[in-house]
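**Student:** turn this into a structure:
(one chain, ligands or ions: 2)
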Amino acid sequence: MKKYDNTEFYNIISPIIQNSDFLKLKNIKHHGITRYDHSMRVAYFTYFVTKGLGLRYKEATEAAMLHDFFTDEVVEDNGVGRLRKHPNYAVMNAKKYFSLSDMQEDIIRCHMFPVTFTPPRYLEGWIVDLVDDFAALYEKSLSTKKELSAATTFLFLLVLQYIKMR
Ligand SMILES: [Fe+2]
Ligand SMILES: [Fe+2]
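**Tutor:** Ligands and ions are numbered 1, 2, ... in the order given. Now for the predicted structure:
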């Protein structure tokens, strides 16, 4: 069963999720999940919000799916460099395989505003920027919960061991 069960959504992103380079994102960690799953979440919510608002939702959904299309280009960069540069790598990779409209290129390039300094030129771009932020917060909170629960289990086992030893 599909996680995001919407036929139109799948039809829009289908050429992207059949691209072998894009599928590499399934093996890359991103906010405690995979970059592929993060991109899927951002694209799915972008689809609903932009469609609901009567915007160019197909273009916006494709751009949202491609917004973090980078693999090992940023390995050399430190934290802030990585945050600032990865949108450009995503545009570069997306253009290798897909023809991007002006709006789609702008959405991908500006999705890290205000970390990158240029604001999106289109409302669709502001929506992807916001949806990405909310998705990142949600995903980070989930992985923090997992870490907390693992730490609690570890502490519990330690206490148990201590009690046994007495
Ligand atoms: Fe990003
Ligand atoms: Fe992202």
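**Student:** which residues of the chain lie near ligand 2?
**Tutor:** Within the chain, the positions near ligand 2 by CB under 5 Å from the ion are 68, 132. C-beta: built from backbone N, CA, C; applies to glycine.
**Student:** select the helix or strand of the chain having the lowest average pLDDT value.
**Tutor:** Lowest on mean pLDDT, DSSP states H and E among the helices and strands of the chain sits helix 123-165, with a mean of 82.
**Student:** which strands or helices does that one pack on?
**Tutor:** Using 3 or more CB pairs under 8 Å, 6 or more residues apart in numbering; DSSP states H and E, the elements in contact with helix 123-165 are strand 33-34, helix 35-52, helix 57-66, helix 102-109.
**Student:** tell me the most buried of these?
**Tutor:** Most buried of the helices and strands packed on helix 123-165, by mean neighbour count (mean count of other CB atoms under 10 Å): helix 57-66, with a mean of 26.
**Student:** switch the helices and strands packed on helix 123-165 over to a markdown table; also include mean pLDDT.
**Tutor:** Shown next, in a markdown table, are these (pLDDT from 0 to 100):
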| stretch | mean pLDDT |
| --- | --- |
| strand 33-34 | 94 |
| helix 35-52 | 97 |
| helix 57-66 | 98 |
| helix 102-109 | 98 |
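**Student:** for these, give me TSV that also has distance to residue 138.
**Tutor:** Formatted as TSV, the helices and strands packed on helix 123-165 follow (distance: least, CB to CB, whole Å):
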stretch	distance to residue 138
strand 33-34	10
helix 35-52	8
helix 57-66	15
helix 102-109	20
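**Student:** among those, which is nearest residue 143?
**Tutor:** The closest of these to residue 143 is strand 33-34. By CB to CB, the value is 7.5 Å.
**Student:** check the offset of the closest one from the chain's centre.
**Tutor:** Chain-centre distance of strand 33-34: 9 Å, with CA atoms, centre = their mean, to the nearest Å.
**Student:** what packs against that strand?
**Tutor:** Contacts defined by 3+ CB pairs under 8 Å, 6+ apart place strand 33-34 against helix 123-165.
**Student:** starting at the chain centroid, how far to the helix it packs on?
**Tutor:** Per CA atoms, centre = their mean, the centroid offset for helix 123-165 relative to its chain is 17 Å.
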